[in-house]
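**Student:** Return atomic coordinates for the entry below.
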Amino acid sequence: MKTKILRPSDYVQNEWTGGTTSQIFIYPDGASLSERDFYFRISSACIETDKSDFSKFEGYNRFFTPLNSGLELTSNGNAPKKINPLELFHFDGASETSAAGKCIDFNLIYRKSLKANLTVATYSKTEIISYKPFPSSEFLLIYC
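**Tutor:** A predicted model of the protein is given here:
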């Protein structure tokens with residue numbers, strides 16, 4: 001398995017209506033968020049307004065988790081759901097989704113034709129981390 005280490009200086013920074021976003025990784029190389037020609041994209045955003053609407057991604061699914069503080073998410077007119085830090089929220093990328101609250105988040109957006117999973121794991125500074133990917137996995141991405 002090929003290893004590649006990305007640092008914050010490698011991330012692509014963009015502004016959006018709710019704050020700023022850092023594109024950590026997009027596949028394949030050369031794919032574009034605006035063209036919607038990617039298979040999957042990993043990003044982290046700073047939600048800096050009290051209320052914000054998520055961008056729609058028709059044909060994609062999304063995993064979302066706040067990293068530093070909780071917020072409330074409303075998706076497709078359902079009742080707001082409190083999402084705590086490191087709690088995962090999975091939803092259809094085409095849904096009307098909005099957030100109430102400010103946080104730094106982590107996102108995985110992937111084509112519906114793909115199988116993807118996002119897992120949150122916490123470790124102490126002295127633990128040795130070992131992880132074995134599924135045999136059919138093409139990618140294992142670890143965000144620290």
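
**Student:** Once you drop chain neighbours, what's closest to the residue nearest the centre of the chain?
**Tutor:** Centroid check for the chain by C-alpha atoms, centre = their mean gives Asn107 as the closest residue, at 0.7 Å. The shortest distance from Asn107 to any non-neighbouring residue, by C-beta to C-beta, 6 or more residues apart in numbering, is to Ser43 (4.9 Å). Using the backbone N, CA and C atoms, a C-beta is placed for each residue, glycine as well.

**Student:** Hmm, the one you found is touching Thr21, no?
**Tutor:** Yes - using C-beta atoms under 8 Å, Ser43 makes contact with Thr21 at a distance of 5.4 Å.

**Student:** Quick check: Ala99 is in a helix.
**Tutor:** No - when classified by DSSP: H, G, I helix; E, B strand; the rest coil, Ala99 is found to be strand rather than part of a helix.

**Student:** what's near enough to touch it?
**Tutor:** 18, 47, 51-52, 54, 71-74 (C-beta atoms under 8 Å, 6 or more residues apart in numbering).

**Student:** Show me what the lowest-mean-pLDDT helix or strand in the chain is packed up against.
**Tutor:** Ranked by mean pLDDT, DSSP states H and E, the weakest helix or strand in the chain is strand 12-16, scoring a mean of 87. For strand 12-16, the elements it packs on are strand 19-27, judged by 3 or more C-beta pairs under 8 Å, 6 or more residues apart in numbering; DSSP states H and E.

**Student:** Please put the alpha-carbon coordinates of whatever helix or strand comes next after the strand it packs on into PDB.
**Tutor:** Downstream of strand 19-27, the first helix or strand assigned by DSSP states H and E is strand 40-47. Taking Å, rounded to 0.1, in the frame of the first residue of the first chain, the C-alpha atoms of strand 40-47 are listed here in PDB:
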ATOM      1  CA  PHE A  40     -14.600  11.200  -2.800                       C
ATOM      2  CA  ARG A  41     -13.400  14.200  -1.000                       C
ATOM      3  CA  ILE A  42     -12.300  14.800   2.600                       C
ATOM      4  CA  SER A  43     -12.400  18.200   4.100                       C
ATOM      5  CA  SER A  44     -12.600  20.100   7.300                       C
ATOM      6  CA  ALA A  45     -14.600  23.300   7.600                       C
ATOM      7  CA  CYS A  46     -14.900  26.100  10.200                       C
ATOM      8  CA  ILE A  47     -18.500  26.900  10.600                       C
END
